[in-house]
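1. take a look and give me a structure for this.
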Amino acid sequence: MNTTSAKPYSVSSPPTRSTIAPALTLILLAPLIAEVLSGATRFSYIFVLIPEMMVWGCGALLIREVVRRWDAGGTSMLLLGLALSVAEEFIIQQTSLAPLPWLGSTPIYGRQWGVNWIYFLFMLGYESVLVVLVPVQVTELIFPEHRSEHWLKTRGLVISTIVFLFGSFLAWFAWTQRARPLTFHVPPYHPSPVLIAVGLLAIVLLAALAYALKEFDRPRAAGAQAPRWWVVGPAVLLIGFPWYALMALIFVPTLQHNFSFWLPVAAGVVWGVLAYLFIRHWSSSAGWNDMQRWAATFAATLVCMIAGFFGSSLWLRMDVVGKAVLNVIAIAGFLLLALKIQRRSVRAA
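-> So this is what the prediction gives:
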């Protein structure tokens, strides 16, 4: 959720043997937060966590490594997170291109020119924040001594890239060739080569922009004082929950067709940009520290966990109970992490 504090503002150190633990932690946390804690991946098909670790986990790890090697900041990380989301939605699982199978024969509100625009916009914000920004920040809060280090050597970069590409193929095959026709019983869908090309071009442009803006998050010489952590948390909750209005427009028919879908798309874009500017302003202010970072990531995770229960009345009982148990464990883990951060602050003082 924090868009600038990921940058240590110093030249990153080379990886050491001790960076294996944070690298593996990030590989697990990326899909755990975005998919499992949210309920998008449930206990009844938890086996998909493996390819999710390969795609989301290695993807987040590679993005963090690139940002560190560029000596860039959170804006570059956000842009690369958006590029990863475009890859997922247009290239890998193509969910924003194919008609959404769980809607059955219901017309998809917001679908035009072969793109599910409202769904795509929601996922751009959700995946860039919950797959990349939040897990990276949480991992660096767990391992603060490795925050400014590279976590991968050249061999690790190559292996992570291969795992990411292979996991992407597995995710594409499992979803487009198996889940859609066999589970949802929908006909095969073949996206337009033009849309695939547009997705690839968007990925390249976002990566180029991330590199061009690598100096964008330099700290200000002077500025307003950052708010207290107990202000940051509620503010992020207020920013995060309205984002789910986009999904409500897709799944609640009574909210549809009363106005052009381009209105909520435009409103969502404005909301996302304002949220970025708001958090960036705070995180570049004097006094922004680990407790504020913790509050922002905890609140963002709370949003996805709470909102993830919407529609759970149709789940298997084991899925509802499993999600609830994991959410409680996650909350306990965040609270323990806060205590650890406060103890570090006391020792540093």
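2. how about low-confidence regions in the stretch 51-200 of the chain?
-> Within the stretch 51-200 of the chain, the stretches with pLDDT under 70 are 104-106.
3. what are the ranges of the helices in it?
-> Ranges of helices in the stretch 51-200 of the chain, per DSSP state H, counting those that start in this stretch, are 58-70, 74-86, 117-127, 134-142, 154-172, 193-212.
4. pull the CA atoms of the next helix or strand along the chain from the longest one into CSV?
-> So the one you mean is helix 193-212. Downstream of helix 193-212, the first helix or strand assigned by DSSP states H and E is helix 229-240. The C-alpha trace of helix 229-240 is given here as CSV (Å, rounded to 0.1, in the frame of the first residue of the first chain):
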residue,chain,number,x,y,z
TRP,A,229,0.2,4.9,12.6
TRP,A,230,-3.2,4.8,14.2
VAL,A,231,-4.3,7.5,11.7
VAL,A,232,-2.7,5.7,8.7
GLY,A,233,-4.6,2.4,9.3
PRO,A,234,-8.2,3.8,9.3
ALA,A,235,-7.3,6.0,6.3
VAL,A,236,-6.2,3.0,4.3
LEU,A,237,-9.4,1.2,5.2
LEU,A,238,-11.4,4.2,4.0
ILE,A,239,-9.4,4.2,0.7
GLY,A,240,-9.6,0.4,0.2
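5. packing partners for the helix or strand following helix 229-240?
-> Remark: after helix 229-240, the chain's next helix or strand is helix 245-251, criterion DSSP H and E. Other elements packing on helix 245-251 under the criterion 3 or more Cβ pairs under 8 Å, 6 or more residues apart in numbering; DSSP states H and E are helix 117-127, helix 262-283. Glycine gets a C-beta too; all of them are placed from N, C-alpha and C.
6. helix 245-251: which residues count as buried?
-> Ala245, Leu246, Met247, Ala248, Leu249, Ile250 (16 or more other Cβ atoms under 10 Å).
7. check stretch 313-322 too.
-> Trp315, Asp319, Val320, Gly322.
8. now the end-to-end length of that stretch.
-> Stretch 313-322 has an end-to-end distance of 14 Å (Cα to Cα, to the nearest Å).
9. hang on, the earlier thing: can I get the buried residues of helix 245-251 in CSV with distance to Leu182 and pLDDT?
-> As requested, the buried residues of helix 245-251 are exported to CSV (distance: Cβ to Cβ, whole Å; pLDDT from 0 to 100):
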residue, distance to Leu182, pLDDT
Ala245, 32, 94
Leu246, 29, 94
Met247, 25, 92
Ala248, 29, 90
Leu249, 29, 89
Ile250, 23, 88
